[in-house]
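> One predicted model, sequence on top.
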Amino acid sequence: MFDQAQKGNQIDGLFRKQAWIEMTKSFNARFGFKYDVDILKNRFKTFKRQYNVINKLLESQGFLWDDLRQMVIADDLIWQDYIEANSDARQYMTRPVPYYKDLCIIFKEAYADEKDSSSDTRSTADLDIKRQLENNETPENLKKKARVDEERLLSALQEMSNAVSCLVEKRKLEGEDNQNSIDVETVIAAVQALPDMDDDFILDACDFLEDDNKAKTFLALDVRLRRKWLIRKLRPQNSCIN
């Protein structure tokens, strides 16, 4: 997504059709998957939500971006007050987001640094602290920053891969559930084919067999036993007579 955004393959913040095709092909080739474009588009929506939450944080007084730790920072009391009204931000109190700068490019926004000078919601103390963080370029910090940059892409790709795998597994399970379900028309036809069944009994049987497990048992029985089984379940007082 970052590469396609840099190439300008977006219109009003949305990727062109060809960009999605190229991203899907590249992603599948890299990880050996066979996912369709909808999987990546779902992830795009997730990234958009993350970006919006972080941006809203950074536009609020008392919150800063720590480039070294790749996360939003603030005083604990400020966090608690904010989270009371914005529960979706809780995870970012302790969670690094090493790909935030990439999200800024993808969603066509300047990195937070460029907004500070024009923002009247930040106090002078906030800006001084931020400058100290940004200017803390000791050799040790530079090495740490380099390692963070190297790990940023891998972290983002791993997170995306995990999310995609979970979604595909969910779809697979849903598909299996659908395949294992009993066709309603088949059940109704089997009930109506039974001899000596009055209308009320047929309707009761249809209601009873709405349960998949009961319907499977009914269809698995020999045809000559189905009526007797239904009578035992629905008319136990008549089972001895029939």
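That came through fine.
> For Phe107, what are phi and psi?
phi -100, psi 20 (degrees, to the nearest 10).
> correct me, but it touches Lys48?
Yes - counting by C-beta atoms under 8 Å, Phe107 touches Lys48, with 6.6 Å between them. No exception for glycine: its C-beta is placed from N, CA and C like everyone else's.
> Of those two, which one has the most company?
Higher neighbour count among Phe107 and Lys48: Phe107, with 17 against 14, using other C-beta atoms under 10 Å.
> Would you map the strands across this structure?
Counting by DSSP state E, the chain has strands at residues 10-11, 14-15, 64-66, 71-73.
> Any chance you could list what contacts the first one?
This means strand 10-11. By C-beta atoms under 8 Å, 6 or more residues apart in numbering, the list of residues contacting strand 10-11 from outside reads 4, 16, 19, 108.
> Distance of the third one relative to Leu221?
Put plainly, it is Ala19. Taking C-beta to C-beta, to the nearest Å as the measure, Ala19 falls 56 Å from Leu221.
> Then the first one?
Computed with C-beta to C-beta, the distance linking Gln4 and Leu221 is 58 Å.
> So, low pLDDT: which residues of this structure?
For the chain, applying pLDDT under 70 flags the ranges 109-181, 237-242.
> Nearest spatial neighbour of Ile73, chain-adjacent residues omitted?
Nearest residue to Ile73 in three dimensions, chain neighbours excluded: Asp66, at 4.7 Å (C-beta to C-beta, 6 or more residues apart in numbering).
> Neighbours of Glu185, how many?
Around Glu185 sit 8 other residues, with neighbours defined as other C-beta under 10 Å.
> no, scratch that, I was asking about Arg224
Applying other C-beta under 10 Å, we find 9 other residues in the vicinity of Arg224.
> And for Met197?
As a burial measure, the neighbour count of Met197 was computed by other C-beta under 10 Å and equals 16.
> in stretch 205-216, what counts as buried?
Using 16 or more other C-beta atoms under 10 Å as the test for burial, stretch 205-216 gives 205, 209, 214-215.
> and of the residues you listed, the nearest to Pro236?
Using C-beta to C-beta, the shortest approach to Pro236 within the buried residues of stretch 205-216 belongs to Ala205, at 14.1 Å.
> Tell me which stretches of this structure form helices.
In the chain, the helices defined using DSSP state H lie at 2-6, 17-31, 37-58, 76-85, 100-106, 124-134, 139-180, 184-192, 199-208, 212-220, 223-234.
> Quick check: phi and psi on Asp211?
Geometry field for Asp211 lists phi and psi as phi -70, psi 120, criterion degrees, to the nearest 10.
> what's the answer for the one 10 residues further on, then?
For Leu221, the backbone dihedrals are phi -70, psi 150 (criterion: degrees, to the nearest 10).
> which of Gln4 and Leu221 has more neighbours?
For Gln4 against Leu221, the residue with the higher neighbour count under other C-beta under 10 Å is Gln4, and the figures read 18 against 15.
> Can you tell me the closest non-neighbouring residue to that one?
Leaving aside its sequence neighbours, Gln4 sits nearest to Ala19 (C-beta to C-beta, 6+ apart; 4.4 Å).
> correct me, but the one you found touches Gln6?
No - Ala19 is beyond contact range of Gln6, at 11.2 Å (criterion: C-beta under 8 Å).
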